[in-house]
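Colleague: Dropping the sequence and predicted coords here.
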Amino acid sequence: MAAVVLLLLLLSVCECDSVEVKGHTGQDVILPCKYDRKYHGALSVCWQRGELPTRGCSNQLISTDGLRVETRAPSRYQLLGRLEDGDVSLTIMNLTEGDAGRYGCKVEIPGPFNDEKHHIDLTVVDDLSGTTAPHILTTITTVVGQTGSDVTATDLMTTQTQTAVRITAVQQVDHLEIFIRNSARLTFIIFIPALLTAAHRVWRRGQRLKTDSRLSQSEEEESPA
């Protein structure tokens with residue numbers, strides 16, 4: 001019963017958290033991410049765009065080993081917080097509409113299933129028009145802009161469809177990874193108590209046999225010849 005309660009508690013804990021941040025074009029914005037440096041010591045942290053995978057960062061923007069910044073994409077991405085205090089918040093300078101979307105901060109804590117995952121959904125507001133940049137349009141603009149070719153209505157629809165399929169595939173992979181991790185936890189939680197229970201029963205049976213053997217010997221010694 002205790003194992004089942006523990007399992008429910010573990011499965012009810014979210015694998016990661018998420019917050020929403022709003023920024024304005026042409027200004028800087030800070031995406032928050034911190035960890036307990038006093039408790040864990042210096043840890044490696046990486047930032048990426050999109051959903052975080054199980055290991056590392058697949059579309060890395062910037063990373064740190066806890067002491068200094070190791071890698072960086074465009075210089076607009078900075079870690080300006082106090083690394084010695086565990087502040088690994090990401091600063092994006094001179095914000096554009098293309099920056100809207102989801103970002104992930106992964107704190108790599110030693111041990112299985114210990115990594116901290118933080119997702120930040122960034123909304124960008126155009127100060128001139130007062131409109132909000134849609135996330136899916138941001139992804140389409142980024143992909144098409146890299147081709148260097150003219151964009152037609154058909155191209156835009158095709159790109160949007162491909163992007164939607166790619167996002168769905170990523171979500172399915174994430175769900176599969178979460179299912180595998182939860183299955184591993186379930187196996188661990190059920191197997192260990194069962195193993196301990198079986199070992200305890202074997203030990204008690206051995207103790208009972210020893211006691212019966214000693215009683216039998218005592219009765220034989222006390223019986224008249």
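Modeller: Yes, it's here. Residues are numbered from 1 along each chain as shown.
Colleague: Who does Thr91 form a beta bridge with?
Modeller: Counting by DSSP bridges, Thr91 forms beta bridges with Ile30, Gln78.
Colleague: That one reaches Tyr77, doesn't it?
Modeller: Yes - counting by C-beta atoms under 8 Å, Thr91 does reach Tyr77; the two are 7.4 Å apart. In short, each C-beta sits where N, CA and C put it, glycine included.
Colleague: The residue lying closest to Glu20 once chain neighbours are set aside and Leu196, how far apart?
Modeller: Among residues not flanking Glu20 along the chain, Asp121 sits closest, at 4.9 Å (C-beta to C-beta, 6 or more residues apart in numbering). Counting by C-beta to C-beta, to the nearest Å, the gap from Asp121 to Leu196 is 44 Å.
Colleague: Neighbour count for these two, which is higher?
Modeller: Of the pair Asp121 and Leu196, Asp121 is the one with more neighbours under other C-beta atoms under 10 Å, namely 15 against 10.
Colleague: any idea which helix or strand carries that one?
Modeller: Element membership for Asp121 (DSSP states H and E) is strand 116-125.
Colleague: still on that earlier bit, more neighbours: which of Thr91 and Tyr77?
Modeller: Taking Thr91 and Tyr77 together and counting by other C-beta under 10 Å, Tyr77 has the greater number of neighbours (18 against 15).
Colleague: Enumerate every residue touching the more buried one.
Modeller: Contacts were defined as C-beta atoms under 8 Å, 6 or more residues apart in numbering; by that measure Tyr77 touches Trp47, Leu61, Ile62, Leu90, Thr91, Ile92, Met93.
Colleague: who touches the last one in this structure?
Modeller: Going back to what we said before, that points to Met93. Residues counted as contacts of Met93 (C-beta under 8 Å, 6+ apart) are Asp28, Ser75, Arg76, Tyr77, Gln78.
Colleague: Regarding it, what are the backbone dihedral angles?
Modeller: Backbone torsions of Met93, given as degrees, to the nearest 10, read phi -90, psi 150.
Colleague: residue ranges for the strands of this protein, please.
Modeller: 16-24, 29-31, 44-49, 60-64, 69-72, 77-78, 90-92, 101-108, 116-125 (DSSP state E).
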